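This is a predicted model, with the sequence first.
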Amino acid sequence: MNRQLLILENAQRCGRVEVDNLARVLGVSHHTIRRDINALCEKGKLRRLHGGAEFIEQSANLPYSARSSLNVPAKKKIAAQVVRLIPDGATLFFSIGTTPAIAAAALAERQGLTVITSNLSAAMALSDAPEARIFLPGGELRLPDRDILGPHALELFQKYRADFAIYGVGGIDADGSLLDFNETEVRMRETMRSNARKSILVADASKFGRHAAAVGGHLRDADHVIIDARPEPRFHPLLDGLENTLTIAGDLT
């Protein structure tokens, strides 16, 4: 996995990174970490601080190709738990994002699924599923994210009632609010959730505390919250309030 992407992901999640900690966690020299940080600073992704660097807030998420290579084992654990909830013949919404796409791939053995999504990666992952029907909105494909946003996508989700909405988020704030990188993503996610009989929030633990600008929805709104592992201790009170809706996938493997 690209070391600079890991550093950038950590900086985006925590706000800043420290050379000492990164060298220990990644198992490389302080010189190597400083060189990586300098490269990210030159690209305008980080701002140098004494002993480390801070994330420069941006309106955009990390590129899809970068996100798709991050935390893959964690996302696959989450996907395995999603599969346990979905029967053959279900009608499913999938939101944009890499974790919903990995969940879609895990469901490719299910028969007779009806899929409504603006996530092209999720649609392609299910294109060989037995007797699947897949509905996509019109509009422009957003690259490199491989999804479709805008009024046509929102209208598509308003026209259907799904058995399950499977959705991810850009970040989870300290009060449990759900964050995304623009208001359109929030509206689409919330439309999916409200038009589904059951909602499934899928998020690896790195999303807790991750910064994003647009806010809408809350952890407790989901019928099922599936994460791979417990986040850092300051978020544990949020989990305590989820009662029977929470699944920690890492505890089951």
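Good, I have the coordinates.

give me every residue that touches the residue nearest the centre of the chain.
In the chain, the residue lying closest to the centroid (Cα atoms, centre = their mean) is residue 168, at 4.3 Å. Contacts were defined as Cβ atoms under 8 Å, 6 or more residues apart in numbering; by that measure residue 168 touches 95, 96, 97, 98, 99, 100, 201, 202, 203, 207. All C-beta atoms are positioned from the backbone trio N, CA, C, and that covers glycine.

May I see the buried residues of the helix or strand hosting the fifth one?
Residue 99 is located in helix 98-106, with elements delineated by DSSP states H and E. Residues of helix 98-106 classed as buried under the neighbour-count rule (16 or more other Cβ atoms under 10 Å) are 98, 99, 100, 101, 102, 103, 104, 105, 106.

of all the residues you listed, which two lie farthest apart?
Greatest spacing in the buried residues of helix 98-106, by Cβ to Cβ: 98 and 106 (12.8 Å).

still on that earlier bit, so how far is residue 201 from the residue nearest to the centre of the chain?
Counting by Cβ to Cβ, to the nearest Å, the separation of residue 168 from residue 201 is 7 Å.

Which of the helices and strands in the protein ranks last by mean pLDDT?
Ranked by mean pLDDT, DSSP states H and E, the helix or strand of the chain with the weakest confidence is helix 64-67, at a mean of 58.

so what does whichever helix or strand comes after that helix touch, helix or strand wise?
Proceeding C-terminally, helix 64-67 gives way to helix 72-85 as the next helix or strand, assigned by DSSP H and E. Applying 3 or more Cβ pairs under 8 Å, 6 or more residues apart in numbering; DSSP states H and E, one finds that helix 72-85 makes contact with helix 98-106, strand 196-202, strand 224-227.
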